[in-house]
Every structure is written in C-alpha cells, then in structure tokens.
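Engineer: sequence first, then the predicted structure, then my questions.
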Amino acid sequence: MTGRQLSLPGRLFLKIFLALWLAIGSIVYSVDHVVNALFQAELAKSPELSIGYRAELATMLVAANLQHGGLADTRQLFLEWSGRRPLPVLVVDEETGADILGRSVPPFALVQAQQLLEGVGPSNAVQRVNDKDGRAHVLFVPLALLPASPPRQHVYKTPDSSRIELVAMTLASFLFAFGLAWYLFRPIRHLHEASQRFAGGELQTRVAPLLGRRSDELADLANDFDEMAERLQATIDGKTRLLHDVSHELRSPLTRLQVALEIARRSPEKTGRMLDRIEHEVGRLDRLLGETLALSRLESDPDSLGGDCVNLTELLEDVIADARFEATQQGKSIVLKADDDVIVAGRPELLHSAFENVVRNGVLHTPAGATVTIKLYKSPPVQRDGEQAWATLRVCDSGSGVPSDELETIFEPFYRGRGASKTGGHGLGLSIVRRAIEAHGGTVSAGEAPAGGLCVIFRLPVLQIDCPACIREENTADAEG
C-alpha cells in the first residue's frame, strides 16, 4: 500500500482540546469577571464589609444561634468552632458598641453596617438580632477579619477555589476533547484506509458498512465515497472490457487482411479480388472504430449534450422517410402512429442516429410483405402540475424476435445474438442507442412484439415548459412569411 499512514488522532485531539480549553476558559473568565464586577458594585456601597455568600452563611448561622440559644451559646459556638478559619462574624451590642468576645470592632465597618440596616432593611450579610434579654445586636463580617486579598476585591472565593476551577476546566475540556476527537477520528480513519486501498487497486472497497447506523455528515461523506467508488469501478471495468472486446474484434479483420496480402503476393492473378477483400475489411475496421469512438464519447462525457428542442414527431418522419425508401424496394412497409408535437431537449443528430439504428434493424429483420409498426405518444396524456410527462416510442418489427434470455443482453457492447451472423454487425449499435438515450435522461428496453417479433421501447422526458429555441424558430418563420 502506498501513501502516508494515518496516525492516532493527536493533531485533531490537540486542536479540539485547545479550542475547547480556550472556549471554556473564556466563558469562565467572562462569567467570573461579570460576577466579580457585580460584587464590587455592591462592595462600593459598604467598602468595609463583606456581603458575599460566605459572609451570609456565617452571619445567618450566628444569628440563628443567638436568637434561639442566647449569648452564652453564641460564645460557646465561637469557642468550639472547628472550621479551617475562625468565624469572621462580629456580634456587636448596639448600646455599648462592643463585641461579645471582646474583639476589636472597626468603627467604619460598624457605621456602614448600621447604615445598611437603616437604608435598605435587614439582609443576610448584615442582620440585627435581639437576644433572649431583648438586647439588640448587630451581626456583620468586616473585611479586616478576612484573609488578605488584593485591594478593593470582594472576597467571595478563595485562591484554593480558583485552582480547583482551573483543574476542573482542564479536566473537563480534556475528556470532552478526547471523546469528540475519537468520535470524529474513527470514520476519518476508515475513509483514509479505504482511499488508500482504493488507490492501491482494490476497487471493491466500501466505507459505509463500517460506520454502522451512523447518520451524520461523515456518514454522508462515506456514502458519497462509496458512490464514487462504484462509478469509478464500473467505468474502469467497462473500459477494460471494452478494450478486451475491441482487441478481439480487431484480430479477425486484421488476420484476414494479412491473409489477403499474402495471397496477393503469391498469386498476382488474384490481386484484384484480394484488393476488393482488403477494401471490405478496411471498411469494417473503419465502422468498428467509428462506433467504438462514439460509444466511448457517450460513456465518458454524457453531460455534453446541448439543450436544443427536438420535435420527436418530425424527427421520426425524417427517419422513416429514409427507411421507407429501402423497405419499399424489399416489399416491406412502415407504419407510424404519433401524437402531434412531442418535444424533448437534446441533440437531434444523436436521437436521429439512435432511432434510425433501431428502425433499420426492424426493417432488416422483418420479412417481405410484413410491416414495421412505430408508435409515439405521451404518458400520461394529461399531467398534473409538477408531474413529469414522458414520450414513449415503440418500434416493433415482424421478424423472428429475440429469445427472452437475450432481451437485456442485446444492449451490451459487442454482444451478438443467435441470428446476428447474417447482419455483419459488431454488436455496438444497440449499445450506442442505449448510451445516447440514457444521456438524454431516458431509458430503452426490449420486449416481444404482439406479432412475435422484437419491440424496442424508448422513454424520454418531455419538456414541461415552452422551449426558447422552438419559440425563436417560430418567430423567425413568421417573420420570413
């Protein structure tokens, strides 16, 4: 196998990880910045107090204990507190201005706490509580009792919590990036390996079965790869088969040419007859190469057809006029039954050649005194809006017909049926007919005629709108008239 091997999803994982890490970090930083700004705005109202959720929890705990247990229980709570840091709540008697534990009371913090209570009423971070004796106490958390922090920063989180957030952000982005990278890497790996095998000559390689029930864009890409592989395999197999068949067909006339030349050299009296034979074989080679080139062009570039409007009724009348001239000399007849103005889009010379090929074959296989019947009609005759109408052409001869097991294979290149020896063809005519009709978006098939002969059925899409080319032709004709 040639080509570079696909490694583990390191680069893809790294890109996804960095993108997620930056995205999550940006979100966390933005949210942290916004929340901190909100707290700083609150802090500006009371710069000596802490009103964060930690201060609220501590204040509510001490307030509940003071209200229901009294001063003694509250002092015992502070003394027996086993937390990592002491409770930073001051319990200040409003009459004396002293803390119940004798701690230093920042005067500005006490004033701001009282102003906050009198201005907006009680809050969770600053509360006024009466003990069992009815004495009022103000509970608050001054910044002076909290751990050191940057100036004017409200303490609602600790350095430890910042480190935890960083670790959690890194771990979450790592796990998510790894899962996403692996989810994307598996189908990419299958596609890479399949493309390598396909480039190495394994044309039957397909990807979609390896992806299971996956139904995302990567599955669509795998289906597109399989469709491309099928078309390329069919094209390569067809070209290989065509080359083999052409080589086989060329061998016989070339051999006869060599024999004729050898006879002409050895027997000069037979030179005239041998030259006629050589001319006949050269003509066969010319027709074979011409038909092969036509078939190759149709297979390699089916989309090169123009958008001309073609009136099938008029086209068939021209084809039948030429064929009828030969059929009449042999005592045969051709009957046409056609709807008026059946319009399709395509190349008239290519359609003319396809129809002529089939009509002439029908005349060739029809015995003297018999008839070739040709019918052209639209189906459905009246179509609804948006419904595609089809032109159906049936060319039925009165010959011996084709065996049912050969009805499909007669359209294969270089295939000649049991009765083909008398025709002298190469088996390319019907192949060219099929490629030409398929290039126009239609189909062609074969069946048994009611009278026992062969019936070839064409189906072509009818134009749904007025054809600009036809309109121009009509306007030109009117102007000339």
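Structural biologist: Sure thing, it's come through. These figures come from a predicted structure and were not determined experimentally.
Engineer: surely His137 meets Val129?
Structural biologist: Yes: between His137 and Val129 there is a contact under CB atoms under 8 Å: 5.5 Å. Yep, even glycine has a C-beta here, placed from its N, CA and C like the rest.
Engineer: more crowded one of the two?
Structural biologist: His137 (23 against 19; other CB atoms under 10 Å).
Engineer: for that one, name its beta-bridge partners.
Structural biologist: When assigned by DSSP bridges, His137 has beta-bridge partners Asp93, Val129.
Engineer: and the most centrally placed residue in the chain, what pLDDT?
Structural biologist: The centre of the chain sits closest to Asp220, judged by CA atoms, centre = their mean, with a distance of 4.5 Å. For Asp220, the model assigns a pLDDT of 84.
Engineer: for Ala181, same thing?
Structural biologist: For Ala181, the pLDDT comes out at 73.
Engineer: ditto for the one 4 residues further on
Structural biologist: Looking at Phe185, its pLDDT is 76.
Engineer: check which helix or strand covers it.
Structural biologist: Taking DSSP states H and E as the definition, one finds Phe185 inside helix 159-199.
Engineer: tell me the gap between the helix or strand that that helix is followed by and the middle of its chain.
Structural biologist: Tracing the chain past helix 159-199, the next element assigned as helix or strand by DSSP H and E is helix 217-266. Computed by CA atoms, centre = their mean, to the nearest Å, the separation of helix 217-266 from the middle of its chain amounts to 32 Å.
Engineer: show me what helix 217-266 is packed against.
Structural biologist: In terms of contacts (3 or more CB pairs under 8 Å, 6 or more residues apart in numbering; DSSP states H and E), helix 217-266 is packed against helix 159-199, helix 271-300.
Engineer: report the angle between the longest one and helix 217-266.
Structural biologist: With axes from the mean of the first three to the mean of the last three CA atoms, to 10 degrees defining the directions, helix 159-199 sits at 20 degrees from helix 217-266.
Engineer: pLDDT at the nearest residue to Gln330 once chain neighbours are set aside, what is it?
Structural biologist: Distance criterion CB to CB, 6 or more residues apart in numbering; nearest residue to Gln330, sequence neighbours excluded, is Ala368 at 5.9 Å. Among the per-residue scores, Ala368 shows a pLDDT of 89.
Engineer: distance of Arg85 relative to Ser215?
Structural biologist: Between Arg85 and Ser215 the distance is 55 Å, computed by CB to CB, to the nearest Å.
Engineer: no, scratch that, I was asking about Arg256
Structural biologist: For Arg256, the distance to Ser215 equals 60 Å [CB to CB].
Engineer: between these two, who's got more neighbours?
Structural biologist: When neighbours are counted by other CB under 10 Å, Arg256 comes out ahead of the other of Arg256 and Ser215, with 15 against 9.
Engineer: quick one: contacts for the more buried one?
Structural biologist: Residues in contact with Arg256, defined by CB atoms under 8 Å, 6 or more residues apart in numbering, are Arg277, Glu281.
Engineer: report pLDDT for it.
Structural biologist: What the model reports as pLDDT for Arg256 is 77.
Engineer: roughly how far does it sit from Leu289?
Structural biologist: Taking CB to CB, one finds Arg256 at 16 Å from Leu289.
Engineer: Phe140 now?
Structural biologist: For Phe140, the distance to Leu289 equals 104 Å [CB to CB].
Engineer: tell me the buried residues in stretch 363-370?
Structural biologist: When burial is assessed from 16 or more other CB atoms under 10 Å, stretch 363-370 yields the following buried residues: Val363, Leu364, His365, Thr366, Ala370.
Engineer: typo on my end, it should be stretch 134-150
Structural biologist: Within stretch 134-150, the residues scored as buried using 16+ other CB under 10 Å are His137, Val138, Leu139, Phe140, Val141, Pro142, Leu143, Leu145, Leu146.
Engineer: show me the shaky parts of the stretch 201-350 of the chain.
Structural biologist: For the stretch 201-350 of the chain, the stretches flagged by pLDDT under 70 are 238, 241-242, 244-246, 248-249, 252, 287-288, 290-307.
Engineer: still on that earlier bit, confirm that the residue nearest to Gln330 sits in a helix.
Structural biologist: No: judged by DSSP: H, G, I helix; E, B strand; the rest coil, Ala368 forms no part of a helix; its state is coil.
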